[in-house]
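*Asks:* compute the structure for the input listed below.
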Amino acid sequence: MNDATRDIAILFSTRAIRMFAYGFISLVLALYLAATGLSAVGVGAVLTATLAGDIFVSLWVTVVADRVGRKNMLLLGAVLMIFAGLIFLLTTYPLWITLAAIIGIVSPSGGEIGPFLSIEQAALSQQVADNRRTRVFGWYNLAGSFATAAGALAGGWLAQWLQTLGWSSLDAYRLIMAGYAVCGLALVLFFLFLSMDVEAKPRAKTNETGGKMFMGLHRSQKVVFKLSSLFALDAFAGGFVVQSMIAWWLHVRYGADEGMLGTLFFGANLLAGVSALLAARLAERIGLVRTMVYTHIPSNLLLCLVPLMPNFWLAVVMLLLRASISQMDVPARQSYTMAVVAPDERSAASGITTVARSVGAAASPLLTGLFMSSPLLFAAPFFVAGGLKILYDLLLYKMFGENNEQ
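*Replies:* Modelled structure (predicted):
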């Protein structure tokens, strides 16, 4: 096995381990915070702090990764995961929990968060041909979705099983959070075996027209910042319905237990993974931008229908139908970002757009907590999220709809 093939295999493996960890804790994260005594507003505030901390961690890593080494930054991210898991295990003191959430790269949504994605995408783009990039990203996202599904299933049923053995709900949740540290340790062991081929190539200081570099970008500054503003809007909308908050909402609204929630999100993430893989074929036929928009709008309409359902099972049907198409835009979005920038801008472009998404998502969970603390606004997060996401789709098509050939 040559270095390129080995590196790709490692990056797919670390993606799977990391997403398993995110799924494993995301299902019980809000329940865990509530079990420590936090109110709905307090839970939302901690989740907002988590996403805000991701902004600073990701931005710092993005700026220095190409200079001090992508491999080194990946290892640092894994160490921060270990730190967070141990803090969650050892204490329920709100200040320490919040600190761990802020710097520990914790995902309330069960989706990708932190600096890992930006670095891995840039490294993968160096290892594969441009005409294979969307397909590789599709498989990459499939691996992540399947791992998230397995993590959600394992976390939900483990929490319920421990409680049947006599554990308190808080102790059961703490053990699951400790599993996050174990996954971080596994990531350290895998990242150690990456070759030098994943590191950034030497980058020119100016472009061919003499333009100056800014945040790692030269000719693509305008398009990257336009995309970043749109992605921030999409992420702000998505922050209202992160997986942790949906699980808590279903638990409060319908009394769904952890095992049932784990099974639900297992199925939802499996469907999301398959849809991400199918996105590559669809993009080859209709283009990347149309793939993003045409699949995203129906999924957001389904999201708005969830709180209108009269019982738990119909709400589940809406969530599963949404999951079957909701992630088809992800590999298309990732590939489009890599396609519209120069090769020596890819790490920076991925990092900037990822940070923009983190900025957009940071305030939403706090607002969700405020909504859920009021019986009158309990269902509002679904409507706000769906409406804003449809607005994002329309703006994306208006700005970039003519560039589907990328």
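*Asks:* for burial, what's the neighbour tally of Leu124?
*Replies:* Leu124 is flanked by 22 other residues according to other C-beta atoms under 10 Å. Glycine gets a C-beta too; all of them are placed from N, C-alpha and C.
*Asks:* I figured it was touching Leu11, is that so?
*Replies:* Yes. Applying C-beta atoms under 8 Å, one finds Leu124 in contact with Leu11, separated by 6.0 Å.
*Asks:* so what's in contact with these two at the same time?
*Replies:* Tyr140 (C-beta atoms under 8 Å, 6 or more residues apart in numbering).
*Asks:* tell me the gap between the helix or strand containing Gly351 and the middle of its chain.
*Replies:* Gly351 is located in helix 346-362, with elements delineated by DSSP states H and E. Put simply, helix 346-362 sits 11 Å off its chain's centre (C-alpha atoms, centre = their mean, to the nearest Å).
*Asks:* which secondary structure elements does it sit against?
*Replies:* helix 40-68, helix 116-127, helix 221-238, helix 329-339 (3 or more C-beta pairs under 8 Å, 6 or more residues apart in numbering; DSSP states H and E).
*Asks:* list the contacts of the last one.
*Replies:* This means helix 329-339. Against helix 329-339 from outside (C-beta under 8 Å, 6+ apart): 121, 125, 130, 133-134, 137-138, 140-141, 224, 227, 231, 276, 279-280, 283, 288-289, 291-293, 295-296, 346, 349-350, 353, 400, 406.
*Asks:* for Thr92, which of the helices and strands packed on helix 346-362 is the nearest?
*Replies:* Closest approach to Thr92 among these (C-beta to C-beta): helix 40-68, 12.1 Å.
*Asks:* quick one: buried residues of that closest one?
*Replies:* Across helix 40-68, burial judged by 16 or more other C-beta atoms under 10 Å covers 40, 42-55, 57-59, 61-63, 65-66.
*Asks:* mind checking how far it is from the chain centre?
*Replies:* That offset, for helix 40-68, works out to 12 Å (C-alpha atoms, centre = their mean).
*Asks:* tell me the mean pLDDT over it?
*Replies:* For helix 40-68, the mean pLDDT works out to 75.
*Asks:* got the angle for it vs helix 221-238?
*Replies:* When axes from the mean of the first three to the mean of the last three C-alpha atoms, to 10 degrees is applied, the directions of helix 40-68 and helix 221-238 differ by 150 degrees.
*Asks:* helix 40-68 packs against which elements?
*Replies:* helix 3-35, helix 70-90, helix 94-103, helix 116-127, helix 243-254, helix 346-362, helix 364-372.
*Asks:* what's the shortest one in contact with?
*Replies:* It stands for helix 364-372. With C-beta under 8 Å, 6+ apart as the criterion, helix 364-372 contacts 39-45, 47-48, 50-51, 108, 236-242, 245, 248-249, 252, 377-378, 380-381, 384-385.
*Asks:* roughly how far out does it sit from the chain middle?
*Replies:* 19 Å.
*Asks:* repeat that for stretch 91-106.
*Replies:* That offset, for stretch 91-106, works out to 19 Å (C-alpha atoms, centre = their mean).
*Asks:* and it, which residues are buried?
*Replies:* 92, 97-106.
*Asks:* just give me the closest of those residues to Ile113.
*Replies:* Ile105 (6.2 Å).
*Asks:* confirm that that closest one sits in a helix.
*Replies:* No. Counting by DSSP: H, G, I helix; E, B strand; the rest coil, Ile105 is located in no helix; its state is coil.
*Asks:* I'd guessed it sits against Ile82; true?
*Replies:* No. Counting by C-beta under 8 Å, Ile105 stays clear of Ile82, with 10.4 Å between them.
*Asks:* thinking again about what came up before, just the helices and strands packed on helix 40-68: most buried one?
*Replies:* helix 346-362 (a mean of 26; mean count of other C-beta atoms under 10 Å).
*Asks:* how far off helix 70-90 does that one point, in degrees?
*Replies:* 30 degrees.
*Asks:* and helix 346-362 with helix 329-339, angle?
*Replies:* Going by the same axes, to 10 degrees, helix 346-362 makes 140 degrees with helix 329-339.
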